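Undergrad: got a predicted structure plus its sequence, pasted below:
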Amino acid sequence: MSWGLFKRNVIRKTNPNNNPSLNINKVATIWADEYDAAVKRGKDFINLESVQSGNKEIMKNLFRVALLKGLATPPGVNFSLPNEFGNGVKAYWAGAQMNPFPIPLIPAPGSIQNLAVNSNIVTNVGVWPLYPPLKPAKKQEIIVNMFILAAIVHLFSIGGVIQTTSLYPAAPSPIPSPGIIVWTGYLVPPAIPIPNPNFPSADGSESPVIEQADNNTISEVGPIQEYELTNDGDGSGGDDGSGGDDGNSGGDGSGGDDGNVLGDGITGDSSFEDMVNSSLGDDITDMGGGNSINKQIEEFKKQLVAIRPDCIKN
């Protein structure tokens with residue numbers, strides 16, 4: 001339920017009714033902190049390694065620029081805050097450091113076993129999918145829903161390079177030498193996959209990963225406290241600049257995605273659409289404006305395939 005937790009935390013912390021001292025800097029910091037926490041609960045598709053440190057400070061500054069741009073947008077002019085936030089998210093992943101553990105189970109090309117990870121760096125910041133020009137929204141939940149969907153789809157396109165020390169075939173015994181593993185795709189699932197130390201088993205019964213439940217439950221953060229943005233048509237939502245986009249209403253906030261498990265999705269056994277929907281959970285079921293969530297996912301998929309066809313296999 002990691003994205004469900006992200007949604008509730010952002011809405012609760014940026015609600016001016018709960019936090020009357022909110023300002024642009026605080027709102028930008030909340031969004032940056034919650035995104036950083038959310039993606040650190042995820043893993044890359046193949047090696048199951050999490051991000052260790054991204055450029056959170058740069059992301060926060062670019063979020064602040066986006067919020068100020070929203071405040072400066074004249075009434076009636078189309079503006080998309082999730083689109084603007086994409087600049088900050090891509091900056092977060094530029095050169096981000098990944099954790100060196102677990103050691104990838106799949107050997108580096110030409111080797112028979114990986115012994116250690118020397119470095120794991122994100123080298124491709126990915127493609128941030130864009131919404132069409134929209135009128136400002138009345139509810140902050142709409143903005144958060146739209147950001148989450150774009151963030152999930154974006155993670156499919158990031159990639160990096162792992163430098164390993166691996167064993168290579170040689171006589172009379174294998175020798176250790178440097179290896180390179182290229183990876184693409186990152187996922188923040190409702191259940192957190194961790195490598196199974198018992199895989200592979202002699203009888204073949206063990207799965208390569210174990211689904212570990214997210215310890216942060218929906219009940220800990222409570223139901224969504226929705227409110228309407230105060231400035232009509234300026235894309236800002238008040239002095240905190242937390243407003244944004246049009247007519248794409250999310251779910252009713254009564255659900256949660258802690259009951260959904262990706263299963264083998266992270267190992268590539270599910271379609272792109274299934275994996276995105278599983279990550280979304282029950283919190284986001286409708287994009288509003290006559291567009292279904294599946295229609296928006298399909299549109300985002302087209303954008304990714306047009307630029308990075310290698311990041312979506314099915």
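TA: Arrived safely, thanks for sending.
Undergrad: and T285, what pLDDT?
TA: Listed pLDDT for T285 reads 62.
Undergrad: I meant to write W3 there.
TA: 90.
Undergrad: what sits against it?
TA: Residues near W3 by C-beta atoms under 8 Å, 6 or more residues apart in numbering: A38, I148, A151, I152, V188, D257, S279, L280, G281, D283. Placement of C-beta: from N, CA and C, glycine included.
Undergrad: that one falls within a helix, correct?
TA: Yes - counting by DSSP: H, G, I helix; E, B strand; the rest coil, W3 is part of a helix.
Undergrad: can you name the element that comes right after the lowest-mean-pLDDT helix or strand in the chain?
TA: Least confident helix or strand of the chain, by mean pLDDT, DSSP states H and E, is helix 218-221 with a mean of 38. Sequence-wise, the next helix or strand downstream of helix 218-221 (DSSP states H and E) is helix 272-280.
Undergrad: now do the buried residues in that next one.
TA: By neighbour count on 16 or more other C-beta atoms under 10 Å, the buried set for helix 272-280 is F272, M275, V276, N277, S278, S279, L280.
Undergrad: how about these, which pair is most distant?
TA: Largest separation among those by C-beta to C-beta: F272 and L280, giving 12.7 Å.
Undergrad: in stretch 52-66, what's buried?
TA: Across stretch 52-66, burial judged by 16+ other C-beta under 10 Å covers G54, N55, K56, M59, K60, N61, L62, F63, R64, A66.
Undergrad: alpha carbons of that stretch, as PDB, please.
TA: Provided in PDB are the C-alpha atoms of stretch 52-66 (Å, rounded to 0.1, in the frame of the first residue of the first chain):
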ATOM      1  CA  GLN A  52      19.600   4.300  -1.600                       C
ATOM      2  CA  SER A  53      19.800   8.000  -2.200                       C
ATOM      3  CA  GLY A  54      18.400  10.300  -4.900                       C
ATOM      4  CA  ASN A  55      18.700  14.000  -5.500                       C
ATOM      5  CA  LYS A  56      16.000  14.900  -3.100                       C
ATOM      6  CA  GLU A  57      17.100  18.500  -2.500                       C
ATOM      7  CA  ILE A  58      17.100  19.300  -6.200                       C
ATOM      8  CA  MET A  59      13.700  17.600  -6.600                       C
ATOM      9  CA  LYS A  60      12.400  19.800  -3.700                       C
ATOM     10  CA  ASN A  61      13.700  23.000  -5.400                       C
ATOM     11  CA  LEU A  62      12.100  22.000  -8.700                       C
ATOM     12  CA  PHE A  63       8.800  21.200  -7.000                       C
ATOM     13  CA  ARG A  64       9.000  24.700  -5.500                       C
ATOM     14  CA  VAL A  65       9.500  26.200  -8.900                       C
ATOM     15  CA  ALA A  66       6.500  24.300 -10.200                       C
END
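Undergrad: tell me where the stretch 201-314 of the chain is predicted with low confidence.
TA: Residue ranges of the stretch 201-314 of the chain with pLDDT under 70: 209-270, 283, 285-291, 313-314.
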